[in-house]
Every structure is written in structure tokens, then in C-alpha cells.
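K.L.:
Can you look at this prediction? I've put the sequence above it.
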Amino acid sequence: MFTLRGSGVYTAETRRNYETDIALLLTFLWGRGKSWADAVERDLEDYEHWRRFAAGNPNRVGGRSGTGSWRRSPACTGGRRRTGT
């Protein structure tokens, strides 16, 4: 089973969702010629805009910040979007 610090055990569905979230972020960064280690706060802000609002993204995530799969995105990336580190 897959676990994260202090979070308990995740179901197979939750693990799959986290894997998808991480893959989407890494693909977005790769398209900018960046690795995870090279990402800066602006890259993550642009990623949020692309995932949630960009008309050119047919698979936008709906809802307000803090709900649904968008809330999961910062969690699966270690909260990096919030801290900028």
C-alpha cells in the first residue's frame, strides 16, 4: 500500500488519481523545458490557470479552489504550489 506522512493508507483509486495529477504537472513543465526541480512559483501559477481556466484546455478542472481534484493537486505535489519552494 502507498502511504504519505501522517495520511494513512490510500485506495487504489486515490493512488491512480494522484499519479495522474503528478503526470499532468510534469508534462506541463516538460512542455516548458523545465524539470520539477527547475519550476518556480510562476510556472505553478500558470499550471493552475491552464488546469482550471484556459479555454484551450478541453479537460479543465471545475469548481472553486479547495474543492475536488484541484484541491488534491497541491497535496500530491508536496504543497509546492502554496509555498513556492
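P.N.:
Good, I have the coordinates. Numbering: from 1, shown residues only.

K.L.:
what's the weakest-modelled helix or strand in the chain?
P.N.:
helix 80-83 (a mean of 42; mean pLDDT, DSSP states H and E).

K.L.:
Residue 10 is in contact with residue 16, isn't it?
P.N.:
No. Contact criterion C-beta atoms under 8 Å: residue 10 and residue 16 do not qualify, at 9.5 Å. All C-beta atoms are positioned from the backbone trio N, CA, C, and that covers glycine.

K.L.:
after the longest helix belonging to the chain, next one along is what?
P.N.:
Secondary structure assigned by DSSP state H gives helix 12-31 as the longest helix of the chain. Using DSSP states H and E, the helix or strand that follows helix 12-31 in sequence is helix 41-52.

K.L.:
mean confidence score for that next one?
P.N.:
For helix 41-52, the mean per-residue pLDDT is 90.

K.L.:
Buried residues, that helix. List them.
P.N.:
Neighbour counts over helix 41-52 (16 or more other C-beta atoms under 10 Å) mark 43, 44, 46, 47, 48, 50, 51, 52 as buried.
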